[in-house]
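1. sequence plus predicted model, see below.
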Amino acid sequence: DAKNKSVGGVKPVKIAVLGAGSYGTAMAYVATHNGHSVMVYARNQAVVDGINKNSVHPKRFSDIKLPKLITASSDIKEVLADAAIIIHAVPAQHTPGFLGKHKHLFKKGVPIVSTAKGIHVATHRLMSEAIPHALGECAEGIPLVYLSGPSFAKEMVKGHPMAVVVASKEMKVAEYVQKTLSSILFRCYASDDVIGVEVGGALKNPLAIGAGMARGLGYGQSTIAGLVTRGCREMRQLAIALGGQPETLAGLSGVGDLMLTCFSSLSRNNRCGTMLAEGKTVEEAFEAIGEVVEGVPTAKEVVRLAEEHKLELPLFRAVDLILSGKVKPREALGHIMGRELGEERFH
């Protein structure tokens, strides 16, 4: 079986997944490709029973049979026991509270791989700042890794081949996670540019809302391609201001994830933008989607960072104005297209 062929040469281990939403379930699925046993932490007993008794998640991908290597528990201590890697798949806005609550359970030397994408609104922190702060005195000795890149959960559980990036301040930690998780169907690239990878993963969400709005207004791929290209430039500007490497934004967590979310209606953020352009309120869009739309809180934080670093970032500002109810999508487009003309520069 192609998917069970390890490319990292790592023997099977136990992997813990914290969070049984769409992405947590999908990460559990791809983590079994190399024969690893995976235990998922889920608060909902019906989800635990569904996974353990029927190998089916009753709320996410209920038509997909999960590998037998995946089990679940509502006891976080049981989930973390003897785990070689912890995959943290809790949404960004809940991440600091969740990790802070359980910080004494994490063992030194066991990497926590965060898949949360966004900026924590209450503290104005990127995940690479929010997570160590939440762990407090327990952070010392716990390797932290950030996974990002073009990877829809729905396609992960269907076994579609894809590539992501795993970033850590220590390259050897990123490489360990890379070797453990990489398979023929799920290829990981290692990076030590945590800020660059994080900025790409977080900032693509508001831009995907903008792309969805363009689609909802009836515009085609040419409009969205222009938005993606100029949006990537704005992402790069902010990454540089925050200490990231601009070339990282040309990779999987930048251009890769941005293209995926902006061109596909599978993206929650994209669908949210389309609904807003069609006249729904933010609350109505949230209700219709039924899952977290991280781009909404992130947009306001990006504008705050733009002010702090004296950056223009017109696309992000336009998305935030629409989400705040200050302008209509078509009006915002007029503002962007009617701005003072300039040269195309990449710095």
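-> Perfect, I can see it now. Numbers count the residues shown, from 1 in each chain.
2. doesn't Cys188 lie inside a strand?
-> Yes: when classified by DSSP: H, G, I helix; E, B strand; the rest coil, Cys188 is found to be part of a strand.
3. next up, the contacts around Asn270.
-> For Asn270, the contact set (Cβ atoms under 8 Å, 6 or more residues apart in numbering) comprises Ala208, Ile209, Ala211, Gly212, Arg215, Thr261, Cys262, Ser264. No exception for glycine: its C-beta is placed from N, CA and C like everyone else's.
4. relative to Gly218, how far out is it?
-> When distance is defined by Cβ to Cβ, to the nearest Å, Asn270 is 15 Å away from Gly218.
5. do you know the pLDDT at Glu340?
-> According to the predicted model, the pLDDT of Glu340 comes to 86.
6. shaky segments in this structure?
-> Applying pLDDT under 70 to the chain picks out residues 1-6, 346-347.
7. centre-most residue in it?
-> With distances taken as Cα atoms, centre = their mean, the residue of the chain nearest its centroid is Lys117 (3.7 Å).
8. send me the helix or strand harbouring Ala26 as CSV with only the CA atoms.
-> Secondary-structure element containing Ala26, defined by DSSP states H and E: helix 22-31. Coordinates of each C-alpha in helix 22-31 appear next as CSV, following Å, rounded to 0.1, in the frame of the first residue of the first chain:
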residue,chain,number,x,y,z
SER,A,22,-12.1,18.5,10.9
TYR,A,23,-8.3,19.3,10.9
GLY,A,24,-7.5,17.3,14.0
THR,A,25,-9.3,14.2,12.6
ALA,A,26,-7.5,14.7,9.2
MET,A,27,-4.1,15.0,11.0
ALA,A,28,-4.9,11.8,12.9
TYR,A,29,-5.6,10.1,9.5
VAL,A,30,-2.4,11.2,7.8
ALA,A,31,-0.4,10.3,11.0
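9. if we can go back for a sec, surely the residue nearest to the centre of the chain touches Val199?
-> No: Lys117 is not in contact with Val199 according to Cβ atoms under 8 Å; the separation is 10.2 Å.
10. so what's Ala306 up against?
-> When the contact criterion is Cβ under 8 Å, 6+ apart, the partners of Ala306 are Leu238, Glu312, Leu313, Phe316, Arg317.
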